[in-house]
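> How does the following fold in three dimensions:
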Amino acid sequence: MNRIKWLTIPLLALGLTACASYYPIAVNVNPTPANADAGIYRGQTLALSSADKRSNDFIIQIEQKDKSPVVVGAANNLSLQLEQALAQGFSTQGAFIEQGASTRATLELQEVLSRVIRGHISYDVVQKVRVELVLERDGQRITKQYRRSAQQEFPGRLHPELDKVTDALDRQLGLMVQDILADRDVQSFIHGN
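Next up, the predicted model:
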């Protein structure tokens, strides 16, 4: 009996390790907004920064029945990726990004999560993205909240394809950046109105 127990424990540990190691520790996230409307700003300057205020450092949570969730993080700095996408969009719209500008925009990342829930023959992917943009100039301040959510179904019996999950998350983040760029309140504040 002791011999069987001695063999069973390492085999069980090896099996559990193999399941967890199927998924990467982190994936690359690269949000790109759709083309921003050019010429909205006429050389207005803007200082842009970002902060990651999320309670979790992972972006994908894989949930399977009777198993502990597996989490996957972002391989790159997610708040910096969003800041760069936003800077690119503002530049396309005609704004100049300068650190010393009197108009300051701070992007706070509050939630980015794709929950991957296993069904019988497919996986449901539930995405939630939430950020806050704080604009300040000469004692004036406005705060805007942006939220995006989506649900998709991906086929697969054994393991979800994380590249599809990551692409879907990239799309949601890109659409959220687009929401910020198209926001009339943000445009009016940057114009100084």
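> residues in contact with the residue most central in space within the chain?
Most central residue of the chain, judged by C-alpha distance to the mean C-alpha position with CA atoms, centre = their mean, is Val112 at 4.3 Å. When contacts are counted by CB atoms under 8 Å, 6 or more residues apart in numbering, Val112 is found next to 54, 59, 74, 78, 128-130, 169, 173. Yep, even glycine has a C-beta here, placed from its N, CA and C like the rest.
> What helices and strands are in contact with the helix of greatest length in the chain?
Criterion DSSP state H: the longest helix present in the chain is helix 162-182. Judged by 3 or more CB pairs under 8 Å, 6 or more residues apart in numbering; DSSP states H and E, the packing partners of helix 162-182 are strand 26-27, strand 58-63, helix 78-92, strand 104-118, strand 122-137, strand 140-155.
> Apply 7 Å and report the result again.
If you count contacts as 3 or more CB pairs under 7 Å, 6 or more residues apart in numbering; DSSP states H and E, helix 162-182 packs onto strand 58-63, helix 78-92, strand 104-118, strand 122-137, strand 140-155.
> who wins for proximity to Lys164 among those?
Judged by CB to CB, the one of the helices and strands packed on helix 162-182 that comes nearest to Lys164 is strand 140-155, at 5.6 Å.
> circling back: nearest to Gly39, of the contacts of Val112?
The closest of the contacts of Val112 to Gly39 turns out to be Leu173 (CB to CB; 24.9 Å).
> would you turn the helices and strands packed on helix 162-182 into TSV with distance to Leu181 and mean pLDDT?
As requested, the helices and strands packed on helix 162-182 are exported to TSV (distance: least, CB to CB, whole Å; pLDDT from 0 to 100):
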stretch	distance to Leu181	mean pLDDT
strand 58-63	22	93
helix 78-92	4	94
strand 104-118	11	95
strand 122-137	11	95
strand 140-155	11	93
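> May I see these arranged in a markdown table, with distance to Ser188 as well?
Below are the helices and strands packed on helix 162-182 laid out as a markdown table (distance: least, CB to CB, whole Å):
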| stretch | distance to Ser188 |
| --- | --- |
| strand 58-63 | 32 |
| helix 78-92 | 14 |
| strand 104-118 | 13 |
| strand 122-137 | 10 |
| strand 140-155 | 9 |
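> Relative to Ala47, tell me which of those wins on proximity.
Distances from Ala47 to each of the helices and strands packed on helix 162-182 were compared by CB to CB, and the smallest falls on strand 104-118, at 4.5 Å.
> could you give the angle of that closest one to helix 78-92?
With axes from the mean of the first three to the mean of the last three CA atoms, to 10 degrees applied, the angle from strand 104-118 to helix 78-92 works out at 120 degrees.
> who's in contact with Tyr146?
Taking CB atoms under 7 Å, 6 or more residues apart in numbering as the criterion, Tyr146 is in contact with 131, 133, 176, 179-180.
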